[in-house]
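Q: starting from these lines, generate the structure:
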Amino acid sequence: MSKQTKIDAVRADFIEKSGLISQAEGLPRIAGRVFGMLIFDGEMVSFGDLATRLQVSRASISTSIRLLEERGLVKRRAKPGQRGDFFQLATNPYATLLEGVHKRTRSTREEIVRTVAALPEDTGAVARLSEYADFYASLETAVAVALDELQSRKSKNPVPAPKTPEEQSHED
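A: The predicted structure is shown next:
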């Protein structure tokens, strides 16, 4: 097996695993595959190329891109002299992912706390719901620690920001 064949196989496996991970997180599988491809390849890709490379419909790509953009994971770009939109990984997508988890965890904990507050204290459910809220409080703290650690690692080992279309056009 050639080196390129091995890389291609690992790439395809990673992209598919990214789709499965996203699907387990409640996103469309194709959105995860788009995200995985952008992570692995590290380049700007046109809308049409995404559909072709992933062998999915343009409608599926459109839906997936919209979801990824809304979550701050992908950026839409233009290339000078070329028509159509291009997409690339956002500058700090992993911190953005953790911030989303943190926000959802906090919101869930707050909803549970409001439910506890609405109940009479002598209700048996109060203790169980309070434990449930404590679980989310612990999770919220853990995600905040993970976010701090990720940002600390990034500041120690900075990764160059993705090139803008203008920077890429100067290389071409």
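Q: chain center to stretch 121-128: distance?
A: On the basis of CA atoms, centre = their mean, to the nearest Å, stretch 121-128 sits 37 Å off its chain's mean C-alpha point.
Q: let me see the mean pLDDT of it.
A: Stretch 121-128 shows a mean pLDDT of 90.
Q: enumerate the positions of that stretch that are buried.
A: By neighbour count on 16 or more other CB atoms under 10 Å, the buried set for stretch 121-128 is empty. The way it works is simple: take the backbone N, C-alpha and C, and place the C-beta from them, glycine included.
Q: show me where the protein has strands.
A: 45-46, 74-77, 86-89 (DSSP state E).
Q: who are the packing partners of the last one?
A: For strand 86-89, the contact count by 3 or more CB pairs under 8 Å, 6 or more residues apart in numbering; DSSP states H and E identifies helix 29-41, strand 45-46, helix 47-54, strand 74-77 as packing neighbours.
Q: same thing but 7 Å
A: For strand 86-89, the packing partners by 3 or more CB pairs under 7 Å, 6 or more residues apart in numbering; DSSP states H and E come out as helix 29-41, strand 45-46, strand 74-77.
Q: wait, which of the strands of the chain is closest to residue 56?
A: strand 45-46 (13.2 Å; CB to CB).
Q: run a quick neighbour tally on residue 153.
A: 11 (other CB atoms under 10 Å).
Q: break the chain into its domains for me.
A: Listed domain ranges for the chain are 3-90, 93-156 (source: automatic domain parsing).
Q: just to revisit the earlier point, can you lay out the helices and strands packed on strand 86-89 as CSV showing mean neighbour count, mean pLDDT and distance to residue 130?
A: Below are those laid out as CSV (neighbours: other CB atoms under 10 Å; pLDDT from 0 to 100; distance: least, CB to CB, whole Å):
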stretch, mean neighbour count, mean pLDDT, distance to residue 130
helix 29-41, 22, 97, 35
strand 45-46, 19, 94, 48
strand 74-77, 18, 94, 39
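Q: of all these, which one is nearest residue 52?
A: Of the helices and strands packed on strand 86-89, nearest to residue 52 by CB to CB is strand 45-46, at 9.1 Å.
Q: which among the strands of the chain is found nearest to residue 100?
A: strand 74-77 (13.7 Å).
Q: before I go, just wanted to say thanks for your time.
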